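Novice: fold the following for me, if possible:
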Amino acid sequence: MDFSALTPASAPTHTGQHTVVVGEKLPADPARMLADFTRSFENLAVAGVQNHEPALIVTTSGSTGKPKQTVLSAAALQASGEATAEATDSPGAQWLLALPVHYVAGAQVIARSALAGTSPMITDSVTHGSPFSAADFLAASERLSARHRMTSLVPTQLHRLLEEAEKSSTTASEIIEALRSFNAILLGGAPASASLLNVCRDHCINVVTTYGSAETSGGCVYNSRPLPTVQVAIQDPDDHGIGRVWLGGKPLAEGYLNDPIRTAASFFIDEHGTRWYRTDDRGSFTDGTLTIEGRADDVLITGGIKVSARRIVERLTEHPGVKEAVVAGVPHPRWGQAVAAMVSIKRGPAEPSPQELSRFVAETLGKPAAPKIIETVDELPALSTGKPDRLGIHRLLTQKSSTIN
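Specialist: Now for the predicted structure:
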């Protein structure tokens, strides 16, 4: 693709009669918000979706602290839903909603249900804003009635379900059968560990890892392959084919509401009229497979040596005693940055110590990549969306940096 020929997109400047706006925080009355959402999306479906009128606005924090309001059109939501149904062989699916609706993946469940003419089953954790649980998930799963059924989860939720199956012999088969009953479980929001995916594979649970963001109507690359109508391009690839990842196609957002500067920096239109989004990630695209190598800013320099935070996370989650991990660089007077990690571990006789995990990383990535600080927890601090609270984790790890020599 000729990146120099792309034209910066103009920022959207208005909302429509039925536009749904979601914020960064849980609503005070989740049940009422769900009802409002469903009604709005049903009105959109009745009115027709072959247009670029704003249908959903997702508010997220920007890197500068100024919130971004990503505008998704009715046409983008429809394209995303149709592509998902095609990729997962789930036309007219009934969805289980287990993610909060102020998160794009949660809002998409309502939108896809309305556009498909089906009624989603909703967990109590969403309706009442209570903690997600296996019992809650099972109860909602049992109410599903359609042949095709779908759900979206984040890795922490799936870990919790499988751990409950391991602990409780009375509900183990029910949990596994419930997970198996879905055409696909879309898993996104954070990287899924190899061990988690292996367990699902062993149980014949169809997990589909997703890559995307609010700017792409949520996940638009499934199991490393772009959905129908989605295009991938790599800008300025190095000798290994790794460069900045661009995503294009029908599920793309219109831009950021009343924000021409950030819209023009992230959204572009090519000579064919295709919209493109410039991501913050680096990766390669070979034989139709997208491999994400990490964020453009995820390289940590410790003692003058560059290490990849994503590679360290991948290595940590290869350990059988690790569920999830977040890696960050923390200030250090000698090295400039020291590698630090917060790791959620599986408790028990074989649970790994911080020293063991540090050696585990050093074995394959070298001593500079081995975290100098490893904080082990039962579960990572999370945002209301279920995604790890990376800023909060970074603050906690930075507080501990004074203990490193």
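Novice: please make it C-alpha for all contacts and neighbour counts, starting now.
Specialist: Fine.
Novice: a helix runs through G392, doesn't it?
Specialist: Yes. According to DSSP: H, G, I helix; E, B strand; the rest coil, G392 belongs to a helix.
Novice: that one - how many residues pack around it?
Specialist: When neighbours are defined as other Cα atoms under 10 Å, G392 has 13 of them.
Novice: contacting residues for the closest residue to it other than its chain neighbours?
Specialist: Of all residues not flanking G392 in the chain, P381 sits nearest, at 7.5 Å (Cα to Cα, 6 or more residues apart in numbering). P381 makes contact with P388, D389, G392, I393, according to Cα atoms under 8 Å, 6 or more residues apart in numbering.
Novice: Serialize the residues you listed to a markdown table and add fields for distance to M342 and pLDDT.
Specialist: Shown next, in a markdown table, are the contacts of P381 (distance: Cα to Cα, whole Å; pLDDT from 0 to 100):
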| residue | distance to M342 | pLDDT |
| --- | --- | --- |
| P388 | 10 | 87 |
| D389 | 11 | 88 |
| G392 | 11 | 90 |
| I393 | 7 | 92 |
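Novice: would JSON lines of those with distance to R359 be doable?
Specialist: Output for those, formatted as JSON lines (distance: Cα to Cα, whole Å):
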{"residue": "P388", "distance to R359": "24"}
{"residue": "D389", "distance to R359": "26"}
{"residue": "G392", "distance to R359": "26"}
{"residue": "I393", "distance to R359": "22"}
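Novice: send over stretch 356-366 as CSV, restricted to the C-alpha atoms.
Specialist: Coordinates of the C-alpha atoms in stretch 356-366 are reproduced here as CSV (Å, rounded to 0.1, in the frame of the first residue of the first chain):
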residue,chain,number,x,y,z
GLU,A,356,11.8,-19.1,39.8
LEU,A,357,9.9,-16.9,37.4
SER,A,358,12.9,-14.6,36.9
ARG,A,359,15.1,-17.5,36.1
PHE,A,360,12.4,-18.9,33.8
VAL,A,361,12.5,-15.7,31.7
ALA,A,362,16.3,-15.5,31.7
GLU,A,363,16.6,-19.1,30.4
THR,A,364,15.2,-18.0,27.0
LEU,A,365,15.3,-14.2,26.8
GLY,A,366,18.6,-13.6,28.6
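Novice: averaged pLDDT, that stretch. What do you get?
Specialist: Mean pLDDT, stretch 356-366: 95.
Novice: adjust the sequence numbering to begin at 370 for everything that follows.
Specialist: That works, and once the first residue is 370, the last one we named lands at stretch 725-735.
Novice: show me which residues of it are buried.
Specialist: Buried positions in stretch 725-735, judged by neighbour count with 16 or more other Cα atoms under 10 Å: L726, S727, F729, V730, A731, L734.
Novice: and the contacts of it?
Specialist: Contacts of stretch 725-735 (Cα under 8 Å, 6+ apart): I681, R684, L685, H688, K736, P737, A738, A739, P740, K741, I743.
Novice: how many neighbours does the first one have?
Specialist: Put plainly, it is I681. Neighbours around I681, by other Cα under 10 Å: 24.
Novice: surely Y591 touches G557?
Specialist: No. At 9.7 Å, Y591 and G557 do not qualify as touching, with contact defined as Cα atoms under 8 Å.
Novice: where do the contact lists of those two overlap?
Specialist: Between them, Y591 and G557 share these contacting residues under Cα under 8 Å, 6+ apart: T578, T579, Y580.
Novice: the second one belongs to a strand?
Specialist: Looking back up the chat, that one is T579. Yes. Membership of T579 in a strand is supported by three-state DSSP.
Novice: from E683, how far off is it?
Specialist: 16 Å (Cα to Cα, to the nearest Å).
Novice: would you point out the most distant pair within the contacts of stretch 725-735?
Specialist: H688 and P737 (18.7 Å; Cα to Cα).
Novice: and the pLDDT at G610?
Specialist: So, for G610, pLDDT stands at 94.
Novice: just say helix, strand or coil for it.
Specialist: coil.
Novice: considering the contacts of P750, which possesses the most neighbours?
Specialist: Using other Cα under 10 Å as the neighbour test, the contacts of P750 are led by P757, with 22 neighbours.
Novice: leaving out chain neighbours, which residue sits closest to it?
Specialist: P757's closest residue in space is A751 (Cα to Cα, 6+ apart), at 4.3 Å.
Novice: count of neighbours near the one you found?
Specialist: Neighbours of A751 under the rule other Cα under 10 Å: 14.
Novice: hang on, isn't it packed against S713?
Specialist: No. If you go by Cα under 8 Å, A751 and S713 don't touch, sitting 11.7 Å apart.
Novice: which residues touch stretch 704-723?
Specialist: Under Cα under 8 Å, 6+ apart, the answer for stretch 704-723 is 669-673, 690-701, 738-749, 762, 766, 770.
Novice: related to what we said a few turns ago, gap between the residue nearest to P757 and I762?
Specialist: 9 Å.
Novice: I'd like the next helix or strand past the lowest-mean-pLDDT helix or strand in the chain.
Specialist: Least confident helix or strand of the chain, by mean pLDDT, DSSP states H and E, is helix 399-416 with a mean of 68. On the C-terminal side of helix 399-416, the closest following helix or strand by DSSP states H and E is strand 423-429.
Novice: quick one: strands adjacent to the next helix or strand after that next one?
Specialist: Proceeding N to C from strand 423-429, the next assigned helix or strand is strand 437-442, under DSSP H and E. Sheet pairing of strand 437-442 (DSSP bridges) gives strand 423-429 (antiparallel), strand 624-625 (antiparallel).
Novice: hey, which of those strands is tucked in deepest?
Specialist: Among the strands paired with strand 437-442, the stretch with the highest mean neighbour count (mean count of other Cα atoms under 10 Å) is strand 624-625, at a mean of 28.
Novice: can you map out the strands along the stretch 470-619 of the chain?
Specialist: Using DSSP state E, counting those that start in this stretch, the strands found in the stretch 470-619 of the chain span residues 490-491, 518-522, 553-556, 576-582, 587-591, 594-595, 599-604, 612-618.
Novice: distance to S409 and mean neighbour count added to those strands, as a markdown table?
Specialist: Shown next, in a markdown table, are the strands of the stretch 470-619 of the chain (distance: least, Cα to Cα, whole Å; neighbours: other Cα atoms under 10 Å):
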| stretch | distance to S409 | mean neighbour count |
| --- | --- | --- |
| strand 490-491 | 17 | 24 |
| strand 518-522 | 21 | 23 |
| strand 553-556 | 24 | 24 |
| strand 576-582 | 22 | 21 |
| strand 587-591 | 19 | 24 |
| strand 594-595 | 29 | 22 |
| strand 599-604 | 26 | 20 |
| strand 612-618 | 25 | 23 |
